[in-house]
Each structure stands twice: as structure tokens, then as C-alpha cells.
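Visitor: Below are the sequence and a predicted model for it; my questions follow.
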Amino acid sequence: MSSASRPLRILQILRAPVGGLFRHVYDLTHELAARGHEIGIVADSLHTDALTEERLGRLRPLAPLGIHSLPIPRTFGTADLTTPLQVRRLADALQIDVLHGHGAKGGLNARLARIGARQRVSLYTPHGGVLNYQPGSAAGRLFRLIERALIGATDAIVFESGFAQAAYIEQIGRPSCPGPVIHNGLMPAEFEPILPGPEAADFVFIGEFRAVKGISYLLEALVGARTPGGRPASLVMAGGGPDLEAIKAQITQLGLDDRVTLVGVKPARPTLHLGRIAVVPSLAESLPYVILEAAAAGRPVIATDVGGVREIYGPTAASLLPAADAGALRRAMQAALDNPVAAAREANLRLAHIRAGFSISHMTDQIEALYRQALAARVPNGFATSSALSS
């Protein structure tokens, strides 16, 4: 078997299996395993619960090199100096080719563990990473300083959006290693259409209950929205988070108790049938899976022009809304209610764009090629890359 095609031994490193980061790691691991690569997982041992164990358990059948728990503190701690050494020893024992770190702490451990090891490479997918820390804060300054120092131990950076790539260049600098944009991808089954149920609300929101998700503006916008028949528009909200009680209070304050239904934390795709139109009023995002999933399912989506959302919208980007603008959001919601044919037409355009560039196979093709490119560039007698990727 040629070095360009032999299966790789890959260690995926993340702090906690939460949110879009875990979704990305799971999907990537699933597809790499299906292609014959051998995967191991490193995750934090300091903060664990039943949900964490359940999510890691889903990865276990895909990870023949094991699920390994090591201390990875959320903020800076002594384990940030000792855990990379443990990862290094683990990588030696497992004969790892690729260390792929996800998020700020996953990236820290992957790259520190690679220092001095000529037989393997380190890749980093930020998922926001250090950019999630306020630039002027002490933590923000420290982590940006560390990030700049780690560039020399980084063989490639995978940016999940052009927005993330541009933010990194602005705040950290242009990486000296390859740094392509590789969009997140969806499984083939996720392109199956989802139709709203007979009791579906007019709108559905799926996400964390935090201020950054723009929920307060959504509730304000809902107040004046009515169906063509004159009925006040309804909303189903799926999610949970630190602002749950504040959101409940705002619902009551605005007189929306009879129009808003809270259904708790639920997976996005099975929840889409609860509403006819998905609304994502975020104040900040990177490349949100909820929009990808809703668009891939053929549902109309109303969203704000933040982060990499414009990349998902493609030819329909002109319909994106300014963030934190309840008036603009109300007008868009009302327009979708008044003209469902136009909303469906736009949804079909968006679906075609997503289908072409956001599949799991397309994503994994590019990441797999980047692994081999990095190995060919670093490892003596290494691997010939199957395609050229550049920053």
C-alpha cells in the first residue's frame, strides 16, 4: 500500500463534547473511520457528567484507539503544562500520525504534544478558539500571546468559515502554515426534507438560551406578527441555558404566554417539524449548524448577517438581517407569513447551494488531503498529498 493511501492513525483532541464543536468531531470521526482510518479521542477528565459520558459513548465504536480522559482545564491551569506531555506519551504509544486539536484547549494540547516529534503532525480547528475571549481582557491577551507562540508548532489550521479565517488573521496574524477554509458538512440523510407537522407553530427557534442568540429581539419581533388570517403568530422554542428564567419573564412581560411554547433541549433536526419557518436571530456566530440543518431540510430560514452565515446563505445572502434589530426581524417574519411561496423559493435556492458545498464527504475529502499534505511536508519519506490545499 502506498504512503499516500495507507490508513492514518489520528488522535482527535477536545476539551468537552458540547455544541457544534462536538458535532464536527463526531461527524469527522464517523467519516474518517468509514474510510479505514484509526481514530482515538482525548477529552477532559476534570468536568464530566452523564451527558458528557453519553456523548463520548457515541464516539466509542468509531474510535478503536480508545477514548482517553486527561485533565484539560477550561481556563489556564497547571494541567496545561502536564497534559501535553501525557498526550505526547499517548501518541507515541499509539503510533499516531496526526494530532488534531479542536477548540482553544484541544489546539493547545495537540500542538504542544507535537513539539520535537518528527513522526507526526498537528492540526488545529479553532471553532472560535482564542477568538472567543475578549481582546482587551487579561485572558484574551494571554491566550492570543500563546496562540502566536504556537504557530511554529502548527502544521495546518482548518478554518470552518471565511469569517473565522479573517478574524484569526486580524487578531493573531496570518498563519505561516496552510490555513484553508473547510466548511462543516452534513450527512446524506440530513438532506432529506422535513415538513412541518399539522400542529406546527408559525416559527421555531432552536439554540442556547443566552443573550448572544438574540432571543430578546425575536420575542419583541413576534409581538406584532400576524398570519394572513389575522391570528397572532406562534413560536416554539427549543433549548436551555443560563438565560432561561429571564426569557420566561420576558415572554410574560410581552403578553406572549399563549403564543410561545418552550419544549426544552432537543436535537435540531427532529425539532424542525414543530415550526413552519426557522428563525436564527443571533448577535454573533461562526458557522451555525442549526442554519445548515434547517436549510438542508428545505425549511425557510430567517437569520441575521453575523459570522459565517453569509457563506451558508450563498445566493440568498441579500435576505440576511442586521443583528439586534427587532424591527427588521419583525418585517422579515411578517413577509414570510404573507408570502410563503417566495419563502419556499428562497429555501430551494439555499438548499442547492448547501448541497453543493456543505456535504460531509466534501468536508472530509479536504481534511484528509490536508492531513496527508502536512505529513508530506514534515515527515521524512512522508506522504504524497492527494490534492493541493493552500491558505
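Guide: Great, that's in hand.

Visitor: Can you report how many residues neighbour residue 30?
Guide: Other residues lying near residue 30 total 17 when counted by other C-beta atoms under 10 Å. Placement of C-beta: from N, CA and C, glycine included.

Visitor: From residue 23, how far off is it?
Guide: 11 Å (C-beta to C-beta, to the nearest Å).

Visitor: Next, show the common contact partners of the two.
Guide: Listed contacts common to residue 30 and residue 23 are nil; contacts here mean C-beta atoms under 8 Å, 6 or more residues apart in numbering.

Visitor: Which parts of the chain are strands?
Guide: Ranges of strands in the chain, per DSSP state E, are 9-13, 38-44, 67-70, 98-102, 121-125, 156-157, 201-206, 235-238, 260-264, 275-280, 301-303.

Visitor: and of the ones you listed, who's closest to residue 76?
Guide: Nearest of the strands of the chain to residue 76, taken as C-beta to C-beta: strand 38-44 at 14.1 Å.

Visitor: list the helices and strands that closest one packs on?
Guide: Under the contact criterion of 3 or more C-beta pairs under 8 Å, 6 or more residues apart in numbering; DSSP states H and E, strand 38-44 touches strand 9-13, helix 19-34, helix 50-59, strand 67-70, helix 79-94, helix 103-114.

Visitor: how about 10 Å then?
Guide: strand 9-13, helix 19-34, helix 50-59, strand 67-70, helix 79-94, strand 98-102, helix 103-114 (3 or more C-beta pairs under 10 Å, 6 or more residues apart in numbering; DSSP states H and E).

Visitor: What average pLDDT does the second one get?
Guide: When pLDDT is averaged along helix 19-34, the result is 93.

Visitor: ok, and for it, which residues are buried?
Guide: Buried residues in helix 19-34, counting neighbours by 16 or more other C-beta atoms under 10 Å, are found at 20-33.

Visitor: next one: the fourth one
Guide: Of the residues in strand 67-70, those with enough neighbours to count as buried (16+ other C-beta under 10 Å) are 67, 68, 70.

Visitor: Can you give me the distance of residue 149 to residue 142?
Guide: Distance, residue 149 to residue 142, by C-beta to C-beta: 11 Å.

Visitor: out of the two, which sits in the more crowded spot?
Guide: For residue 149 versus residue 142, neighbours defined as other C-beta under 10 Å are more numerous around residue 142 (14 against 10).

Visitor: so what's that one closest to, chain neighbours aside?
Guide: residue 76 (6.7 Å; C-beta to C-beta, 6 or more residues apart in numbering).

Visitor: number of nearby residues for that neighbour?
Guide: Residue 76 has 14 neighbouring residues, counting by other C-beta under 10 Å.

Visitor: and if you look at residue 148?
Guide: 14.

Visitor: Kindly report the same for residue 53.
Guide: The local packing of residue 53 (other C-beta under 10 Å) involves 11 other residues.

Visitor: Enumerate every residue touching it.
Guide: Each residue near residue 53 by C-beta atoms under 10 Å, 6 or more residues apart in numbering is listed here: 17, 67.

Visitor: ditto for residue 294
Guide: 194, 204, 206, 268-269, 271-272, 275, 277-280, 288, 300-301, 303, 312, 347, 350, 354.

Visitor: what's near enough to touch the closest residue to residue 317 other than its chain neighbours?
Guide: Ranked by C-beta to C-beta, 6+ apart and with sequence neighbours excluded, the top spatial neighbour of residue 317 is residue 310, at 4.8 Å. Contacts of residue 310 were listed using C-beta under 10 Å, 6+ apart, and they are 161, 162, 163, 303, 316, 317, 318, 320.

Visitor: what pLDDT does the fifth one get?
Guide: The predicted local distance difference test score for residue 316 is 98.

Visitor: With the fourth one instead?
Guide: If you check residue 303, the pLDDT there is 98.

Visitor: That one and residue 332 touch, don't they?
Guide: Yes - Residue 303 lies in contact with residue 332 (C-beta atoms under 10 Å); the separation is 9.2 Å.

Visitor: buried subset of the contacts of residue 310?
Guide: Among those, those buried by neighbour count (16+ other C-beta under 10 Å) are 161, 163, 303, 316, 320.

Visitor: could you dump those to JSON lines with distance to residue 224?
Guide: Listed next are the buried ones among the contacts of residue 310 as JSON lines, based on distance: C-beta to C-beta, whole Å:
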{"residue": "161", "distance to residue 224": "33"}
{"residue": "163", "distance to residue 224": "31"}
{"residue": "303", "distance to residue 224": "20"}
{"residue": "316", "distance to residue 224": "25"}
{"residue": "320", "distance to residue 224": "21"}
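
Visitor: Enumerate every residue touching residue 46.
Guide: Residue 46 makes contact with 15, 16, 69, 70, 71, 72, 73, 74, 77, 79 under the criterion C-beta under 10 Å, 6+ apart.

Visitor: Likewise for residue 297?
Guide: Here residue 297 is in contact with 186, 190-195, 268-269, 272-273, 278, 347, 351, 354 (C-beta under 10 Å, 6+ apart).

Visitor: that older thread, could you dump the strands of the chain into TSV and include distance to residue 132?
Guide: What follows is these, written out as TSV (distance: least, C-beta to C-beta, whole Å):
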stretch	distance to residue 132
strand 9-13	17
strand 38-44	17
strand 67-70	22
strand 98-102	13
strand 121-125	14
strand 156-157	16
strand 201-206	21
strand 235-238	24
strand 260-264	26
strand 275-280	19
strand 301-303	20
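
Visitor: quick one: which of those is nearest residue 181?
Guide: Nearest of these to residue 181, taken as C-beta to C-beta: strand 156-157 at 10.1 Å.
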